[in-house]
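Undergrad: For reference, the sequence and a predicted model appear below.
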Amino acid sequence: MKKISIFTLGLFVVLMNGCAGQKPMYEYGNYSETYYQLKQNGDSETTGKWKVALEDSIKRSNEQGLRTPPGINANLGYLFLKVNDTDKAISFFNVEKTLYPESTVFMNKLIKKAELMKEGKTKS
Amino acid sequence: MKQLIKYFLIPALAVVYFTGCGPKMITKGEEFPGMYNEKPRSLMIMPPMNESTAADAKDYYATTIEMPLAFHGFYVFPYEITADVLKQQGIYDTELLYNMPLTKFYEYFGADAVLFTKIKKWDTSYMILASNLTVSVDAEIKSTRSSEVLWQYNGTVVVDLSGGSSGGGLAGLIAKAVVTAVSTAAADYTTYAKRANGRFIGSMPYGYYHPGYLKDQDVKIIDQTPADE
């Protein structure tokens, strides 16, 4: 009987501490490490690694049912914009806007920029 | 229990550790009423102003400041993009912007507030047994509507960069010195910069995405206002 109560107590403690194992707020993965390396080198290799980290953050966040951290989708969109993949860029800017309405003004500016680039491409 | 540790024990320990004797305490609500009145939801990080001798301190700092601010509950504009846009506008020196009206940042980016940081010191000191990173920063959040200072922090943080212990004796000491050198390698630097940032941001009221949003007015922090003010 005593054993059971100790067990129950143990279980109780585990349950009560359940909140200590709370989900993290965001899942950034290797974001800042790869970002730092990008800043140091700025070559295609570090850009590629940063892109992988951004995609990984989105994947991990989705898997855990977390909101993707601020700026991740925007940064990914910006990478696509830099290589003239305007459609992908626009879709990521839109995701950022949906997740964070605070970004609306800025994302609309970037979307407009992408649309102008797209027009320029089809014209020429 | 977690709350108790978070709100009482850790600050209390920090107080004992950093000052030895009791500093003047003040609540977040009393110290930073502007944050609770204006309730900024989004923060734009300005390129740091660097007064330190370390040329790359700007990059170290800029790449690590976004995360702790986001975890504190703010929508943080993607620094890589905003810095790029500023550059395209010919803005390289944050110093020039500091005293200007900030309404432009509200109009162009939709930012509620702007974070200015000035890195005063960023030094690594190596010793046989340990190495330290000393970071001294002045930070300010300014409203883009009123250009008022909503939050500020001036402080120095010393981060111990030594790796874990690796046995006794001379061999152990040498091994540890090597570990220290390795752990201060650039790739790992961000971890320590992050740790330092985490401490700066402690006194900042929580942002919208944090569960503690508008609930931390009564949290006590160390009063940084000089005695003569």
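TA: Sure, I can see it.
Undergrad: ok, now which ones touch the closest residue to chain B within chain A?
TA: With C-beta to the nearest C-beta, the shortest gap between chain A and chain B falls at A:Val105, namely 2.9 Å. All C-beta atoms are positioned from the backbone trio N, CA, C, and that covers glycine. A:Val105 is in contact with B:Tyr108, B:Phe109, B:Gly110, counting by C-beta atoms under 8 Å, 6 or more residues apart in numbering or on different chains.
Undergrad: so where's chain A shaky on pLDDT?
TA: Low-confidence segments of chain A (pLDDT under 70): A:1-22, A:123-124.
Undergrad: Any residues of it in contact with chain B? List them.
TA: Of all the residues in chain A, those in contact range of chain B (C-beta under 8 Å from any C-beta of the partner chain) are A:19-20, A:25-26, A:28, A:31-33, A:35-37, A:39-40, A:67, A:69-71, A:74-75, A:78, A:100, A:102-106, A:109-110.
Undergrad: Near chain A, list only the ones from the contacts of A:Val105.
TA: Residues shared between these and the neighbourhood of chain A are B:Tyr108, B:Phe109, B:Gly110 [C-beta under 8 Å from any C-beta].
Undergrad: sec struct for B:Lys121, please.
TA: Assigned by DSSP: H, G, I helix; E, B strand; the rest coil, the conformation of B:Lys121 is strand.
Undergrad: what pairs with it across the strands?
TA: When bridges are assigned using DSSP bridges, the partners listed for B:Lys121 are B:Ser136.
Undergrad: can you pull the contacts of it?
TA: Taking C-beta under 8 Å, 6+ apart as the test, what B:Lys121 contacts is B:Glu51, B:Ser52, B:Thr134, B:Val135, B:Ser136, B:Thr156.
Undergrad: shouldn't the last one be in contact with B:Asp138?
TA: Read it as B:Thr156. No. Using C-beta atoms under 8 Å, B:Thr156 is not in contact with B:Asp138, being 10.4 Å away.
Undergrad: Looking at the two, which is more packed in?
TA: When B:Thr156 is set against B:Asp138 and neighbours are counted by other C-beta atoms under 10 Å in any protein chain shown, the residue ahead is B:Asp138, at 16 against 12.
Undergrad: That one is in what secondary structure piece?
TA: Here B:Asp138 sits within strand B:131-143, counting by DSSP states H and E.
Undergrad: Can I get that strand in CSV, CA atoms only?
TA: The C-alpha atoms that make up strand B:131-143 are tabulated as CSV, following Å, rounded to 0.1, in the frame of the first residue of the first chain:
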residue,chain,number,x,y,z
SER,B,131,38.5,33.3,-20.8
ASN,B,132,35.8,36.0,-20.6
LEU,B,133,33.8,37.9,-23.0
THR,B,134,33.0,41.4,-21.7
VAL,B,135,30.1,43.0,-23.5
SER,B,136,29.1,46.6,-22.7
VAL,B,137,26.0,47.8,-24.4
ASP,B,138,23.6,50.7,-24.3
ALA,B,139,20.2,49.8,-25.7
GLU,B,140,17.1,51.8,-26.3
ILE,B,141,13.7,51.2,-27.7
LYS,B,142,12.2,54.3,-29.2
SER,B,143,8.6,54.8,-30.4
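Undergrad: Could you give me the buried positions within whichever helix or strand comes after that strand?
TA: If you walk from strand B:131-143 toward the C-terminus, the next helix or strand you reach (DSSP H and E) is strand B:149-160. Of the residues in strand B:149-160, those with enough neighbours to count as buried (16 or more other C-beta atoms under 10 Å in any protein chain shown) are B:Leu150, B:Trp151, B:Gln152, B:Tyr153, B:Gly155, B:Val157, B:Val159.
Undergrad: Tell me the one of the ones next to chain A among the contacts of A:Val105 nearest chain A?
TA: Comparing these against chain A with C-beta to the nearest C-beta picks out B:Gly110 as the nearest, at 2.9 Å.
Undergrad: how deep is that closest one tucked in, by neighbour count?
TA: When neighbours are defined as other C-beta under 10 Å, B:Gly110 has 21 of them.
Undergrad: show me what contacts it?
TA: By C-beta under 8 Å, 6+ apart, the contact set of B:Gly110 is A:Glu102, A:Ser103, A:Thr104, A:Val105, A:Phe106, B:Ser42.
Undergrad: Which residues are in contact with the residue nearest the centre of chain A?
TA: Against the mean C-alpha coordinate of chain A, by C-alpha atoms, centre = their mean, the closest residue is A:Ile72 at 3.7 Å. With contact taken as C-beta under 8 Å, 6+ apart, A:Ile72 is in contact with A:Tyr28, A:Tyr31, A:Leu54, A:Ser57, A:Ile58, A:Ser61, A:Glu96.
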